[in-house]
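A.B. asks: sequence first, then the predicted structure:
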Amino acid sequence: MTTPNTTARRALGACAVLMVGALSLTACGGNNSGGDDGKGGKSGNGKGGSGSVATSAVRIAISAKDGSAGASINTTGVKVSGGTLTDVKMTVAGTGAAVAGAISADGLSWRPGQQLERGTRYRIAATAKDADGRAGAADSTFTTVTKANSFIGSYTPDNGTTVGVGMPVSFTFDKAITDQAAVRKHITVTSSSGQQVVGHWFGAQRLDFRPEEYWKAGSKVTMKIDLDGVEGANGAVGVQKKTVSFTIGRSQVSTVDAGTQTMTVVRDGQTLKNIPISAGSPEFTTYNGQMVISEKLRETRMDSRTVDLANAYDIKDVPNAMRLTTSGTFIHGNYWYKKGNPPFGRAGTSHGCVGLQDVQGAQGDTPARWFFDNSMIGDVVVVKNSADKQVAPDNGLNGWNLPWSEWTAGSDA
């Protein structure tokens, strides 16, 4: 049975990282003011006349040039040389709303405490003093990059999660990427297992990463995204800069044999259970291939109209459902089977999903409830001996069905 893809992907939040651009605002000229300490100009000792003004030694650099547009939402900040910062105020221009931030312990830099908004005008006003107490100041009003001129990638899995051995890293970008090599080079994925990890593009907006074989159980995977300022789409630059890590849990691979209508659950090389199932009927066969659990729903509605099967079914409380494909293949509980039908383990009767015996409400001591409770996002379900074709590698998180030679073709591997 099928349902719309409700797989949620969290849009990637970026870390505020301080980088200083070319604008060096000093204590003389422009939007700056300097102090008078008797140095750097006339000494006032009778040789050059009295009343001479010396400028401060401080040099304040604000990362975004005054009047500029397209400023980074990640690298905004202030640095100083020849002295220390005494105060920095950042506001939303027009409203005056304050943006919180902090001066570093050594007094040499400042950065905002939160990621900036895109397409927003900001003002930074900074003051500093040199070793002799002479003051300097600088200010800049600028606008951050707009949504129209930037791109963001939603990604899975989330930071800090634990997933199964089949879970790829998968990005979906909100714009078509025209310089795919540049974007791929600015995302690196590594594993504590030492496995080589390679990225592969599915079309212009999806980029997945995986090793040749499933991840090693217990390994830690780290993803570094350094897309801020990278021109990857026509007229659009990336705005993301973040490090994400997740853990690979125990290894669980379950094999569904459509020929015998059984599923064998293997964890860390040991068989846990053999479960009778009901795969797709001869009219609605189940895909063959390696499929990754991408979503878990204790109960969900499945409506045949969402997959162009007219009014074949509309079940509002399908229990213990786990998504295997974007197009709507699930492994799920079934409480509505008719007693006149062959029991589970005898024949395929579904519309393409893999059904397990269950009760309404999803709370019974049933095979479906057991499998749901003992599965995690990223676990692998392999279907074999079905009359259907092999699942497409981009239909869900199922890139394992693409041979490694094809996966790495055109990459930097």
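C.D. replies: Now that the structure is in, tell me what you want to look at.
A.B. asks: give the buried residues for the helix or strand residue 356 falls within.
C.D. replies: Applying DSSP states H and E as the criterion places residue 356 in strand 354-357. By 16 or more other Cβ atoms under 10 Å, the buried positions in strand 354-357 come out as 354-357. Using the backbone N, CA and C atoms, a C-beta is placed for each residue, glycine as well.
A.B. asks: just stretch 248-261 next, same as before
C.D. replies: Neighbour count says stretch 248-261 has 248-249, 251-258, 261 buried, by 16+ other Cβ under 10 Å.
A.B. asks: and the residue found closest to residue 69 once you drop the neighbours it is linked to in the chain, what does it touch?
C.D. replies: Closest residue to residue 69 apart from its sequence neighbours, by Cβ to Cβ, 6 or more residues apart in numbering: residue 143 at 4.6 Å. When contacts are counted by Cβ atoms under 8 Å, 6 or more residues apart in numbering, residue 143 touches 68-71, 119-122.
A.B. asks: what about residue 143, helix or strand, and which?
C.D. replies: Residue 143 belongs to strand 135-143 when assigned by DSSP H and E.
A.B. asks: that older thread, how about TSV for the buried residues of strand 354-357, with pLDDT and distance to residue 168 added?
C.D. replies: Formatted as TSV, those follow (pLDDT from 0 to 100; distance: Cβ to Cβ, whole Å):
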residue	pLDDT	distance to residue 168
354	96	21
355	95	26
356	95	25
357	93	31
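A.B. asks: rewinding a little: including pLDDT and secondary structure, could the buried residues of stretch 248-261 go into TSV?
C.D. replies: Shown next, in TSV, are the buried residues of stretch 248-261 (pLDDT from 0 to 100; DSSP: H, G, I helix; E, B strand; the rest coil):
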residue	pLDDT	secondary structure
248	98	strand
249	98	coil
251	98	coil
252	98	strand
253	98	strand
254	98	strand
255	98	strand
256	98	strand
257	98	strand
258	96	coil
261	96	coil
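A.B. asks: between those residues, which is nearest residue 320?
C.D. replies: residue 254 (13.9 Å; Cβ to Cβ).
A.B. asks: I figured the closest one was touching residue 384, is that so?
C.D. replies: No: using Cβ atoms under 8 Å, residue 254 is not in contact with residue 384; the gap is 11.5 Å.
A.B. asks: so what's the residue count around residue 67?
C.D. replies: As a burial measure, residue 67 scores 9 neighbours (other Cβ atoms under 10 Å).
A.B. asks: next: the one 5 residues further on.
C.D. replies: Per other Cβ under 10 Å, the neighbour tally for residue 72 reads 24.
A.B. asks: show me the contacts for the closest residue to it other than its chain neighbours.
C.D. replies: Distances taken as Cβ to Cβ, 6+ apart put residue 228 closest to residue 72, at 5.7 Å, once the chain neighbours are dropped. By Cβ under 8 Å, 6+ apart, residue 228 lies in contact with 14, 17, 72-75, 237-241.
A.B. asks: of those residues, which is the most crowded?
C.D. replies: Within the contacts of residue 228, most neighbours by other Cβ under 10 Å means residue 238, with 29 neighbours.
A.B. asks: what sits against that residue?
C.D. replies: Residue 238 neighbours (Cβ under 8 Å, 6+ apart): 150-152, 183, 186, 227-230, 232.
A.B. asks: in this structure, where is pLDDT below threshold?
C.D. replies: The chain contains residues with pLDDT under 70 at 1-54, 304-313, 339-342, 412-413.
A.B. asks: mind telling me what element the residue positioned nearest the centre of it is part of?
C.D. replies: A centroid search over the chain (Cα atoms, centre = their mean) returns residue 155, at 2.9 Å, as the residue closest to the centre. Here residue 155 is covered by strand 153-156, with elements defined by DSSP H and E.
A.B. asks: by contact count, what packs against that strand?
C.D. replies: If contacts are counted by 3 or more Cβ pairs under 8 Å, 6 or more residues apart in numbering; DSSP states H and E, strand 153-156 sits against strand 10-11, strand 169-173.
A.B. asks: just name the most buried of those strands.
C.D. replies: When those are scored by mean count of other Cβ atoms under 10 Å, the highest mean neighbour count falls to strand 169-173 (a mean of 22).
A.B. asks: alpha carbons of the helix or strand following it, as PDB, please.
C.D. replies: Counting by DSSP H and E, the next helix or strand C-terminal to strand 169-173 is helix 180-185. In PDB, the C-alpha atoms belonging to helix 180-185 read as follows (Å, rounded to 0.1, in the frame of the first residue of the first chain):
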ATOM      1  CA  GLN A 180      28.100  20.100  -9.300                       C
ATOM      2  CA  ALA A 181      31.800  19.500  -9.000                       C
ATOM      3  CA  ALA A 182      32.300  22.700  -6.900                       C
ATOM      4  CA  VAL A 183      29.400  21.800  -4.600                       C
ATOM      5  CA  ARG A 184      30.600  18.200  -4.200                       C
ATOM      6  CA  LYS A 185      34.100  19.300  -3.400                       C
END
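A.B. asks: report the buried residues of helix 180-185.
C.D. replies: For helix 180-185, a neighbour-count test (16+ other Cβ under 10 Å) marks 180, 183-184 as buried.
A.B. asks: what does stretch 268-282 give?
C.D. replies: By 16+ other Cβ under 10 Å, the buried positions in stretch 268-282 come out as 275-280.
A.B. asks: out of these, name the ones that lie in strands.
C.D. replies: The strands in this structure, assigned by DSSP state E, contain 275-276 from the buried residues of stretch 268-282.
A.B. asks: residue 405: what secondary structure?
C.D. replies: On the three-state scheme (DSSP: H, G, I helix; E, B strand; the rest coil), residue 405 is labelled helix.
A.B. asks: just checking, residue 101 touches residue 110?
C.D. replies: Yes: between residue 101 and residue 110 there is a contact under Cβ under 8 Å: 5.7 Å.
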